[in-house]
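**Q** Sequence and predicted model, in that order:
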Amino acid sequence: MAIAGYSAFQLYSALDYQKVRQDIADLLEDLDYDDGSYGPVFVRLAWHAAGTYSRADKSGGTNGATMRFSPEKDWGANAGLALARDRLEAIKKKHPQISYADLWVLASIVAIEEMGGPKINFTPGRSDKVDGRTSPADGRLPDAAQGAPHIRDIFYRMGFNDQEIVALVGGGHAIGRCHTSRSGFSGPWTNSPTTFTNQFFVKLVEFADKNQWTEKKWSGPKQFEDPSGALMMLPADLALYNDPGFKRYVKLYAADEDLFFRDFSKAYEKLMNLGFTVFP
């Protein structure tokens, strides 16, 4: 939605995106929040906006920023994401020309890069909807309790292949942790939840090869823990290892971080552009 008196092209051209990037980077660190960084939740915000896309009818995706409204903001899969949206309000107030949709995408890219991940191309031009009437139906985001068929259903709907699926899941789980108050699950995937690495794959393979991911004994949903009990994997994570089509890429990325970074960068750029027509 353009600001009165300015065309969309003028607004996008006038923005100093390097300044916006720096302001986002300055917002990431907060020792009182989680593991000390908002980076992982910024990535989750943009990922969950993008993950609503369906190539069948071109609905959903990063355009519109409809997660600001009900019903989308109230979905169980989006629990806790108000923290990210509220944190980014300072950037929106400082740079009102940027759409929320562009801001969420750029914030996730800056977060990945600042946490040591690969460079990812960013193309501006997304617009914001004024309400939630165009939000797709709930149920389009991945369910971490499910197996390989569900994973493929979700990602094939968006237009991804097996290699891209593994790269995206591994990138999403390279950082951050699960919270019982949000997903019901608990714990980090790696020992460095605010540093983007291939350790998700390394740990998945290391303990799965030895059959050492064991079901956690607790009152929460089914998940798995390593021998130390410090790290966890979700049923969907183990599905990547147990499915032959996915496993080949899991093994590749565990052995080659540079390859993972390259493939993730391309897949994540594609994810962030779902439902978005590049501004001419």
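**A** Here it is on my side, so go on. As the structure is a computational prediction, the values presented were derived from the model and not from experiment.
**Q** surely D102 meets S108?
**A** No: using CB atoms under 8 Å, D102 is not in contact with S108; the gap is 11.1 Å. Heads up, the C-betas are built off the backbone N, CA and C, glycines and all.
**Q** how about low-confidence regions in the stretch 1-150 of the chain?
**A** For the stretch 1-150 of the chain, applying pLDDT under 70 flags the ranges 1-13.
**Q** Give me the neighbour count for D35.
**A** Summarising burial for D35: neighbours were counted as other CB atoms under 10 Å, giving 17.
**Q** For D138, see how far away it is.
**A** Distance from D35 to D138, counting by CB to CB, to the nearest Å: 29 Å.
**Q** Over to G176?
**A** From G176 over to D138 the distance is 22 Å, taken as CB to CB.
**Q** Kindly report the same for E72.
**A** As defined by CB to CB, E72 lies at a distance of 8 Å from D138.
**Q** for the closest residue to G275 other than its chain neighbours, what are its contacts?
**A** Closest residue to G275 in three dimensions, ignoring its sequence neighbours and counting by CB to CB, 6 or more residues apart in numbering: G61, at 1.8 Å. Under the criterion of CB atoms under 8 Å, 6 or more residues apart in numbering, the contact partners of G61 comprise A49, A50, T52, Y53, L274, G275, F276.
**Q** Swap in 7 Å and give it another go.
**A** With contact taken as CB atoms under 7 Å, 6 or more residues apart in numbering, G61 is in contact with A50, T52, Y53, L274, G275, F276.
**Q** Out of these, which is nearest to L88?
**A** Comparing these against L88 with CB to CB picks out A50 as the nearest, at 15.9 Å.
**Q** more neighbours, G176 and D138?
**A** Between G176 and D138, counted using other CB under 10 Å, G176 has the larger neighbour count: 22 against 14.
**Q** Just give the closest residue to that one, not the sequence neighbours.
**A** Using CB to CB, 6+ apart and skipping the chain neighbours, the partner closest in space to G176 is P40 (2.9 Å).
**Q** That neighbour contacts C178, doesn't it?
**A** No: between P40 and C178 there is no contact, the gap being 10.6 Å when judged by CB atoms under 7 Å.
**Q** Tell me which of the two has more neighbours.
**A** Of the pair P40 and C178, P40 is the one with more neighbours under other CB under 10 Å, namely 26 against 20.
**Q** immediately after the helix or strand encompassing that one, which helix or strand?
**A** Assigned by DSSP states H and E, P40 falls within helix 39-50. On the C-terminal side of helix 39-50, the nearest following helix or strand under DSSP H and E is helix 82-87.
**Q** In a helix, L31, correct?
**A** No: the assignment for L31 by DSSP: H, G, I helix; E, B strand; the rest coil gives coil, which leaves it out of any helix.
**Q** Report how many residues lie close to it.
**A** For L31, the neighbour count with other CB under 10 Å is 8.
**Q** dump the residue contacts of it.
**A** The neighbours of L31, taking CB under 7 Å, 6+ apart as the test, come to nothing; the list is empty.
**Q** measure G275 to S135 for me?
**A** Shown here: G275 relative to S135, a distance of 12 Å by CB to CB.
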